[in-house]
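A.B. asks: coordinates for the following, if possible.
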Amino acid sequence: MAAPAHVIAVGLGPALDSLVRAWFRQFNFLPPLPLTAAQVDTIPAADASFVKLFEAIAASPHSNFILIIHGADDGSGLWLKLVPGQGKPGTSHFDVQRLLDLSAGGAELNAREQGIMGITAQQSLRVREALLKLQFKTIDTIEFRSCNLGRNPLALDRFRRFFGAIRAGAPNLHTLFGLNPVMFGPYAMQHHQERHPGKNWETYNFPNAFKTPELVCCFQLNALQKPEAGGHIAADSPSTLNAWIKQYVMPAGGYRSGEMALHGLWIADRVYPADRPGGKPRMLPVLVELDDEQVNTPLGGWGGPSPRRFIPPLSPAYAKHIVYAR
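C.D. replies: Sure, this is the predicted structure:
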């Protein structure tokens, strides 16, 4: 049975906030544990900080949390300031460990550490004061849907201890939330590509990548090979779409009308610094070990071309790419 959780989207901006709300409104479900949203809140980018987030968690009546925060490509931290006005835009797990040491009675931050972390001694005190509000808060589980945080188990465990949670999970891939138009019928299946303006579209065919599809799911990708601006779903009938939803999206889910929310993990390319002065950054694909599901079943990783990028919630590969610390 699914457990209730408090969903908090932090610093994402209005567009992404609306996509997160749409997912939990249409498909109130987050695997692999699983959890459902008992409450959904957002913290605007202008107010976003760990201090603000700690206050929201301390005031919450819930003990499970789904936190949706931008994550660093290498899994080293989150793009969230410790306090408003901090000089550095994100927080690394090294920053977190230093603050944990400080809260346990360690030495105060020296000038060098303040410069590295981008905070003053007074701002570090604000963080510790906010942490005190969590001392008497029981937090069972935090599900981070922060891109790549699960890549670094040490970082994930430090963030778990930062919040005082018993268990914390995070993906080791990019996290996707979307909202797509839906079309039905033979004409939609034959002509959906006419709705692909611009370049860099990726189409997934179901139930098999190499046969005439019964359903297609299309994404327009940006330069980093991540879904960005466009997308749609077309199926030969509503019954096909509903069967697909129950198998890959949510066991008790179904389509009603209008645009359909979508969530999953995404294998995206990563940008590395230029290897010489004045050179261009290098864009390399993320190397992910193929799962049996991707090799031995007709759907593969959603039946798409290589590299297979999209991993839906009920795919066995989704659970394999959520890493836990406890």
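
A.B. asks: show me where pLDDT drops low in the stretch 201-326 of the chain?
C.D. replies: 229, 269-308 (pLDDT under 70).

A.B. asks: what's the spacing between the nearest residue in space to Gly71 that is not next to it in sequence and Glu108?
C.D. replies: Take Gly71 and drop its neighbours on the chain: the residue closest to it by CB to CB, 6 or more residues apart in numbering is Ser146, 3.6 Å away. For every residue, glycine as well, the C-beta is placed using N, CA and C. When CB to CB, to the nearest Å is the yardstick, Ser146 and Glu108 sit 29 Å from each other.

A.B. asks: where's Leu250, which helix or strand?
C.D. replies: Slight slip there: residue 250 is Met, not Leu. Secondary-structure assignment from DSSP states H and E places Met250 in no helical or strand segment.

A.B. asks: now do Leu176
C.D. replies: Leu176 belongs to strand 174-180 when elements are defined using DSSP H and E.

A.B. asks: the residue nearest to Leu35 when sequence neighbours are not counted: what secondary structure?
C.D. replies: Nearest non-adjacent residue to Leu35, counting by CB to CB, 6+ apart: Ala5, 4.2 Å away. Assigned state for Ala5: strand (three-state reduction, DSSP: H, G, I helix; E, B strand; the rest coil).

A.B. asks: so the nearest residue to Pro213 once chain neighbours are set aside is in which element?
C.D. replies: Nearest residue to Pro213 in three dimensions, chain neighbours excluded: Asn205, at 3.8 Å (CB to CB, 6+ apart). Asn205 is located in strand 201-206, with elements delineated by DSSP H and E.

A.B. asks: show the subsequent helix or strand relative to that strand.
C.D. replies: Counting by DSSP H and E, the element after strand 201-206 in chain order, helix or strand, is strand 215-221.

A.B. asks: tilt between the next helix or strand after that next one and strand 174-180?
C.D. replies: The element immediately downstream of strand 215-221 (helix or strand, assigned by DSSP H and E) is strand 227-235. Strand 227-235 and strand 174-180 are oriented at 50 degrees to each other (axes from the mean of the first three to the mean of the last three CA atoms, to 10 degrees).

A.B. asks: can I get the next helix or strand after strand 227-235 in PDB, CA atoms only?
C.D. replies: For strand 227-235, the succeeding helix or strand toward the C-terminus, using DSSP H and E, is helix 238-248. Written as PDB, here are the backbone C-alpha positions of helix 238-248 (Å, rounded to 0.1, in the frame of the first residue of the first chain):
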ATOM      1  CA  PRO A 238      -8.200   5.200 -25.900                       C
ATOM      2  CA  SER A 239      -8.100   1.600 -24.900                       C
ATOM      3  CA  THR A 240      -4.500   1.300 -26.200                       C
ATOM      4  CA  LEU A 241      -3.400   4.300 -24.200                       C
ATOM      5  CA  ASN A 242      -5.100   3.100 -21.000                       C
ATOM      6  CA  ALA A 243      -3.500  -0.300 -21.300                       C
ATOM      7  CA  TRP A 244      -0.100   1.400 -21.800                       C
ATOM      8  CA  ILE A 245      -0.700   3.700 -18.800                       C
ATOM      9  CA  LYS A 246      -1.500   0.700 -16.500                       C
ATOM     10  CA  GLN A 247       1.600  -1.200 -17.700                       C
ATOM     11  CA  TYR A 248       4.200   1.600 -17.700                       C
END
